[in-house]
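Q: A predicted structure for the sequence below; I have some questions about it.
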Amino acid sequence: MNRFAIRSRSVPDPANSSAPMAHNQTLAPVPVLYVHYGDQWIRGSENVLLQLFRLIDRSKIRPALWCNGEALAREAESLGVQTIRSDLKHYGMEDSARFNLRSYFAQVSRGRQLVRDLSIRLIHSNSAAPAQWMIPVARSCRIPLLVHIHAHYRRRARLLYGIPFADSIVGVSGYVAEPFLSDGLSPEVVQVIYNGIDVGGLERSAKDHRPVAAPPAPLGALRIGVVASLLRSKGQDTVLRAIQILKRKGIRTFTYFVGEGPERSSYEQLANSLGVAEDISFLGECRPVASFYRDSIDMLVLPTRYEALGLVLLEAACFGVPAIASAVGGVPEVIQEGITGETFEAGNERALALLIEQFSADMPKLRAMGRAARKRIESQFSAERMTREFEGLYEKLLAIPSRRLGWTHNSERLLTCLKLSIPRDAAALRPHTR
């Protein structure tokens, strides 16, 4: 994983570069088309994209967005980004539409039209799904395409989305980027740019908005926050069982669950059956959540069974809140064990309870971890740093000669796709969501 951290820091600062985009300071900004396919909400990958729109140097980059989500479209427009919303479709996954050749080529044709009409010089696919129709657009128009990977994709998805044909593949963590190197793609193509947090923006949000309406915790209780959609995969059941263990030992805690989802009623029933209903509160969606981190909790727990990186860990750290998180996915790349927080085996309520007990017994250490987490965010996971690295990568991609951006110069990528088409085992044939 270290090679990713080093590589992510090696992107040149556009302000000190003589590459093509630097000359653009005295010319018109470069038109970049961001393409996003997602659910009808604004969460992880949507927030990262909006952060780029807020901080990207508009004297160098003129962003345009093509997306399917109304909420994202409204937010982007409010930031002055030209936005086109369409009923986009992707194919071949368990949550996707049935393949329709006419519909697919109509989507490709629409992409080509947008590239022509907006004079687009670079495409940024914000998730893997848009690559399925934007790869043909980029190759036929001979412009570079970057695919921004926010999740861990199985071989089937990597093949069906055509990701190996991208000119650059950027993972939000080493965990999600590693499979593409295992496929045989060059480290020059695959790299990590960690998601960034706008510390100042979050602090302003906490100041400008009313505090979250959370019931007060009992005097002397350790205040715990769990911020995640109420899904089985997010592991809130592990927290409820850990609370029961702590309660039996006489350790006072009060836990706030922020988020909504289909498992809310089952989690409420579980809390009642475990006898911990009076020790928790389901707050539902809290937007913005910044004041919750600042005012309502002493520590964060992220019990998820899967996580590409863990944006909530970064958000909480901005307010000096340390975390205990399951050691899955990209989480170990964020948490420094014993310095900014701790990790535990996903689903292991006894291990989680033990760590919470240790935190509650040493509040000075808890606060020191919070301060260390804040410093780590400022130095390694700032939004400014993320944006600067993307600007540097755009510069590099824009310098690729157009003759190298067509189909004929992608024979090695074709071999990678052929390799991916041969399943390693039966598990590789199972469909995978976007």
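A: All right, it came through fine.

Q: When you work out contacts or count neighbours from here on, use the C-alpha atoms and nothing else.
A: Will do.

Q: mean confidence score for stretch 399-406?
A: The average of the pLDDT scores along stretch 399-406 is 90.

Q: end-to-end on it?
A: Length of stretch 399-406, first residue to last, C-alpha to C-alpha, to the nearest Å: 15 Å.

Q: Can you point out the buried residues in it?
A: For stretch 399-406, the neighbour count (16 or more other C-alpha atoms under 10 Å) marks 405-406 as buried.

Q: Repeat that for stretch 295-307.
A: Neighbour counts over stretch 295-307 (16+ other C-alpha under 10 Å) mark 296-307 as buried.

Q: Just the terminal-to-terminal distance for that stretch.
A: End residues of stretch 295-307 are separated by 26 Å (C-alpha to C-alpha).

Q: Would you mind checking the average pLDDT for it?
A: Mean per-residue pLDDT for stretch 295-307: 95.

Q: quick one on the thing from earlier: so which of the buried residues of stretch 295-307 are in strands?
A: Among the buried residues of stretch 295-307, the members falling in strands are 299-302 (criterion: DSSP state E).

Q: okay, those residues in JSON lines with distance to A214 next?
A: Formatted as JSON lines, these follow (distance: C-alpha to C-alpha, whole Å):
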{"residue": "M299", "distance to A214": "15"}
{"residue": "L300", "distance to A214": "15"}
{"residue": "V301", "distance to A214": "17"}
{"residue": "L302", "distance to A214": "19"}
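
Q: Look at the nearest residue to V192 once chain neighbours are set aside and say how many residues are nearby.
A: Excluding the flanking residues, the one nearest V192 by C-alpha to C-alpha, 6 or more residues apart in numbering is G171, at 4.8 Å. Residues lying near G171 (other C-alpha atoms under 10 Å) number 27.

Q: could you list every residue that touches G171?
A: 148-150, 177, 190-194 (C-alpha atoms under 8 Å, 6 or more residues apart in numbering).

Q: pretty sure P288 is in a strand, no?
A: No: looking at P288 with DSSP: H, G, I helix; E, B strand; the rest coil, it is coil, so not inside a strand.

Q: Excluding sequence neighbours, find me the nearest residue to it.
A: S205 (7.1 Å).

Q: Isn't the one you found up against F292?
A: No: S205 is beyond contact range of F292, at 10.8 Å (criterion: C-alpha atoms under 8 Å).

Q: Surely V35 is within a strand?
A: Yes: counting by three-state DSSP, V35 falls inside a strand.

Q: related to what we said a few turns ago, which among the contacts of G171 gets closest to V32?
A: H148 (14.0 Å; C-alpha to C-alpha).

Q: so the closest one sits right up against A166, yeah?
A: No: contact criterion C-alpha under 8 Å: H148 and A166 do not qualify, at 10.1 Å.

Q: where does the chain have low pLDDT?
A: Low-confidence segments of the chain, defined by pLDDT under 70: 1-26, 408-434.

Q: 80 - rerun?
A: Under the criterion pLDDT under 80, the flagged ranges of the chain are 1-27, 41, 95, 208-211, 287, 407-434.

Q: can you list the domains in it?
A: Split into domains by automatic domain parsing, the chain comes to 2-196+382-429, 199-380.
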